[in-house]
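>>> coords please:
(one chain, ligands or ions: 1)
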Amino acid sequence: MTEPQWLEAWSAEEGARRVGELFTRSFEGSPDGVWSAPGRVNLIGEHTDYNAGLCLPTALPHRTYVALRPREDDRVRLVSAQAEGVWEISLSDVAPGAVTGWGAYVSGVAWALTQAGHKVSGFDAAVDSCVPFGAGLSSSAALEAAFAVALDAVGGLGLATSDAGRAELVDATRRAENEIAGAPTGGLDQSASLRCREGYALLLDFRPGLDPLESAVPVPFDLEPAGLTLLVVDTRAEHSHVSGEYGARRAACERAAGLLGLASLREIAPTLGGVGLDRALAELEPHDPDGVLRRRVRHVVSETDRTARFADLVREGRAADVGPFMLASHASLRDDYEVSCRELDLVVDTAVAAGALGARMTGGGFGGSAIALVRRSDVDTVVAAVAGAFADAGLTAPAFLLAPPSAPAA
Ligand code: GAF
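Model (predicted):
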């Protein structure tokens with residue numbers, strides 16, 4: 001069998017060298033600076049962000065790098081090591097529905113900052129990334145967040161220097177993705193890329209109106225003392241959130257909340273003293289002949305509960321005990337939310353059979369990546385078992401990453 005493929009993160013120096021050279025080859029002169037932002041893994045709390053629920057991501061060591069120089073006019077010119085040619089637009093032409101291609105994620109950030117009242121000029125920029133693309137590890141959010149901190153710095157906006165300011169940058173990057181790139185995502189990925197901290201997971205609470213201290217609470221996440229590690233498996237089954245399935249899940253949740261007369265499904269959470277789950281499911285029954293709405297609701301409500309309990313265990317230094325919550329999350333996403341796929345299920349089943357303490361899909365699903373909590377001494381065994389299972393099933397070979405909780409956009 002061929003050797004398993006590991007995706008290593010670049011050092012900051014390598015990332016800066018790559019985009020610096022690409023900038024100089026593509027545009028005259030040098031960039032004003034280099035900025036970068038990480039992809040993320042979500043430990044638990046999936047499809048809860050757009051339901052005002054809880055999520056618990058960490059930032060990856062894998063980052064997207066941007067070398068940028070502002071311009072006098074409002075022209076944007078972009079090159080990427082991952083794309084052909086120069087992507088160009090004038091900022092005055094950026095509007096919902098008017099932009100196509102990967103530059104939508106970038107020009108959308110400039111547009112959203114302008115909408116929020118900031119002055120943003122045009123720019124030339126070069127991009128390169130070691131965040132695997134289309135792998136459910138937030139390569140889009142890493143791109144948006146790297147540009148958010150770059151435009152913040154060259155425009156002297158001063159937002160990236162405080163967590164409250166970073167929360168504003170999250171809003172801008174989320175609007176870029178929703179309104180300009182057209183992906184109806186919920187803000188988890190942008191929050192993780194801009195607000196996570198090295199050595200910590202971030203307990204995100206998406207109830208509207210919370211102040212920054214309440215909406216993102218860092219939770220120390222150090223697996224070393226327990227002899228554990230977090231293994232990420234990129235299944236190579238590509239996914240996209242611009243496609244209809246993600247939007248359909250979101251629409252079903254909004255419909256269920258509307259039928260129940262609630263602002264969001266979070267109000268069902270037992271811990272908030274809102275309506276109980278059983279009562280909500282009974283109320284939905286007459287509107288839900290095939291049971292789909294009730295399954296979606298059951299996932300969302302139980303997932304926020306699992307996330308709170310997972311975070312409590314981590315706070316108590318009991319990360320070795322979170323495995324059952326990971327497995328329950330995966331089962332709920334597979335059976336009730338129906339966003340898993342054959343490749344993700346194969347990783348989870350194989351990793352657990354080979355000794356992982358827990359495993360689950362991470363991110364939006366329909367492809368992408370899974371995570372496994374593994375004793376350090378078992379990593380090679382689990383990796384070999386997963387690679388072998390993919391080969392036996394005739395699937396494209398997966399790739400593997402290690403995910404120590406890393407630093408945010410800077
Ligand atoms: C994707 C989305 F971008 C997030 O907003 C979130 O909904 C996630 O899927 C599922 O938890 O990553």
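>>> element containing His62, please.
Using DSSP states H and E, His62 sits in strand 57-70.
>>> helix or strand next in line after that strand, which one?
strand 75-80.
>>> how far does that next one sit from the chain's center?
Strand 75-80 sits 24 Å away from the centroid of its parent chain (CA atoms, centre = their mean, to the nearest Å).
>>> tell me which residues in it are buried?
Buried residues in strand 75-80, counted by 16 or more other CB atoms under 10 Å: Val76, Arg77, Leu78, Val79, Ser80. Yep, even glycine has a C-beta here, placed from its N, CA and C like the rest.
>>> over to stretch 401-410?
The neighbour-count check on stretch 401-410 (16+ other CB under 10 Å) flags Leu401, Leu402, Ala403, Pro404, Pro405, Ser406, Ala407, Pro408, Ala409 as buried.
>>> what's the mean pLDDT across that stretch?
Stretch 401-410 shows a mean pLDDT of 98.
>>> again with stretch 166-178
98.
>>> and if you look at stretch 338-350?
Here stretch 338-350 scores 97 as its mean pLDDT.
>>> hmm, back to that, which strands or helices does the strand holding His62 pack on?
helix 12-26, strand 33-42, strand 123-129, helix 139-154, helix 188-195, strand 200-205, strand 399-402 (3 or more CB pairs under 8 Å, 6 or more residues apart in numbering; DSSP states H and E).
>>> may I have it as CSV, with CA atoms only?
Taking Å, rounded to 0.1, in the frame of the first residue of the first chain, the C-alpha atoms of strand 57-70 are listed here in CSV:
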residue,chain,number,x,y,z
PRO,A,57,-13.9,25.3,17.0
THR,A,58,-10.1,25.5,17.2
ALA,A,59,-7.9,27.2,14.6
LEU,A,60,-5.7,25.0,12.4
PRO,A,61,-2.0,25.6,12.0
HIS,A,62,-2.7,25.6,8.2
ARG,A,63,-3.1,29.2,7.0
THR,A,64,-3.9,31.3,3.9
TYR,A,65,-1.3,34.0,3.3
VAL,A,66,-1.9,37.4,1.6
ALA,A,67,0.6,39.9,0.4
LEU,A,68,-1.2,43.2,-0.3
ARG,A,69,-0.5,46.8,-1.3
PRO,A,70,-3.3,49.4,-1.4
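>>> near the ligand at all, it?
No - residues of strand 57-70 contacting the ligand under CB under 6 Å from any ligand atom: none, with a closest distance of 9.0 Å.
>>> grab the nearest non-local neighbour of the residue nearest the centre of the chain.
With distances taken as CA atoms, centre = their mean, Asp189 lies nearest the centre of the chain, 3.2 Å away. Nearest non-adjacent residue to Asp189, counting by CB to CB, 6 or more residues apart in numbering: Ala141, 3.5 Å away.
>>> distance check, the one you found against Arg195.
11 Å (CB to CB, to the nearest Å).
>>> more neighbours: which of these two?
Ala141 (32 against 23; other CB atoms under 10 Å).
>>> do you know how far that one is from Ala37?
Taken as CB to CB, the span from Ala141 to Ala37 is 8 Å.
>>> common neighbours of these two, please.
Taking CB atoms under 8 Å, 6 or more residues apart in numbering as the criterion, Ala141 and Ala37 both touch Ser193.
>>> so Arg75 touches Asp93, yeah?
No - using CB atoms under 8 Å, Arg75 makes no contact with Asp93, being 10.1 Å away.
>>> please give me every residue in contact with Ser121.
Contacts for Ser121 (CB under 8 Å, 6+ apart) come out as Pro70, Arg71, Glu72, Asp73, Asp74, Gly155.
>>> tell me which two of the residues you listed sit farthest apart.
Spatial extent of these (CB to CB) is set by the pair Asp73 and Gly155 at 14.8 Å.
>>> please identify which of the two sits among more neighbours.
Legend: neighbour count by other CB under 10 Å for Asp73 and Gly155, higher for Gly155 (17 against 9).
>>> the more buried one contacts His118, doesn't it?
Yes - the criterion here is CB under 8 Å, and Gly155 meets it with His118 at 6.5 Å.
>>> how far away is Ala83 from the ligand?
According to CB to the nearest ligand atom, to the nearest Å, Ala83 stands 21 Å off from the ligand.
>>> list phi and psi for that residue.
Dihedral pair for Ala83: phi -140, psi 160, per degrees, to the nearest 10.
>>> quick check, pLDDT for it.
96.
>>> contacts only, for it.
Taking CB under 8 Å, 6+ apart, we find Ala83 in contact with Trp102.
>>> helix or strand: which one has Asp345?
Going by DSSP H and E, Asp345 is in helix 342-353.
>>> what mean pLDDT does the following helix or strand past that helix get?
Under the assignment DSSP H and E, the closest C-terminal helix or strand after helix 342-353 is strand 358-362. The average pLDDT for strand 358-362 rounds to 98.
>>> that older thread, and of the buried residues of strand 75-80, the nearest to the ligand?
Ser80 (20.4 Å; CB to the nearest ligand atom).
>>> the closest one bridge partners, please.
Here Ser80 sits in beta bridges with Val127, going by DSSP bridges.
>>> next to the ligand, which bits of this structure? Give me the list.
Proximity of the chain to the ligand is confined to 42, 46-47, 49-50, 185-189, 241, 363-364 under the rule CB under 6 Å from any ligand atom.
>>> just give me the neighbour total for the nearest residue to Leu78 once chain neighbours are set aside.
Excluding the flanking residues, the one nearest Leu78 by CB to CB, 6+ apart is Trp87, at 4.3 Å. Number of residues near Trp87 (other CB under 10 Å) recorded here: 21.
>>> now do Glu214
By other CB under 10 Å, the residues close to Glu214 number 10.
>>> not counting sequence-adjacent ones, nearest residue to it?
Nearest one to Glu214, counting by CB to CB, 6+ apart, is Asp205 at 6.3 Å.
>>> and the one you found, what does it touch?
Contacts of Asp205 by CB under 8 Å, 6+ apart are Gly53, Leu54, Glu214, Ser215, Ala216, Val217.
>>> mind checking which of the residues you listed are in strands?
Using DSSP state E, the members of the contacts of Asp205 that fall in strands are Leu54, Ala216, Val217.
>>> between those, which is nearest Ser264?
Nearest member of the ones in strands among the contacts of Asp205 to Ser264, counting by CB to CB, is Leu54, at 12.4 Å.
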